[in-house]
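>>> Need the 3D shape of this:
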Amino acid sequence: MGSVILTRDWTMSAPGGASYRCTSGTNRFAAKIVSPGATDLGNKIYSTNVPGIGMRFSRGGATVNIVYPDVFSSRVYNTTNYSLEGSRFTLEIIKTAATTGSGTLAAVSTPPTTGRAAVTRSSKPI
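Sure, this is the predicted structure:
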C-alpha cells in the first residue's frame, strides 16, 4: 500500500501558461482538489472511483512548488509577476489498499483539471 503505480507529468506550454500580476503585500496561491466525491485518504492522496486506487496532484516550477491541496504564500514589496508557464503538473496514481478493485478511472482532461488553483491577496480574490 502507498506505492506509486504510475506518474504522469504535463508542462504548461508557452504562451498558454496562467500568469498573475500581484501587488505588494502577502499574496496567496491556493491549490484545491475540486473533484466531486473525492475524499482525502491521508498524505494528500485522494480517492478515485476504483477501490484501492488513489491520486495525488502536485505542481513544480520556478516559483510555485506545491502538493495539492496547499497554499503558497509570498510577501512582495513591489508589483510581482507569477507565471505557471513552463511549470510541471504531476499526477500520481497510488495503490491505497492491499486489494484493489478494477475498472477505468473516471475521465479527466489532459492536463487534468481535478486540481484547481486560485490566487488571493489578503484572503480576497484578485
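>>> least trustworthy helix or strand in this protein by mean pLDDT?
Lowest mean confidence among the helices and strands of the chain (mean pLDDT, DSSP states H and E): strand 124-125, at a mean of 36.
>>> distance of T26 from S73?
For T26, the distance to S73 (CB to CB, to the nearest Å) stands at 6 Å. Heads up, the C-betas are built off the backbone N, CA and C, glycines and all.
>>> Ok, S19 next?
Look at S19 and S73: by CB to CB, they are 18 Å apart.
>>> same deal with A62?
Counting by CB to CB, the gap from A62 to S73 is 17 Å.
>>> what does T48 give?
Applying CB to CB to T48 and S73 gives a distance of 30 Å.
>>> And those two? Which one has more around it.
Ranked by neighbour count (other CB atoms under 10 Å), T48 and S73 place T48 first, with 22 against 10.
>>> give the contact list for the more buried one.
38, 54-55, 105-106 (CB atoms under 8 Å, 6 or more residues apart in numbering).
>>> Y20: neighbour count?
Considering only other CB under 10 Å, Y20 is surrounded by 16 other residues.
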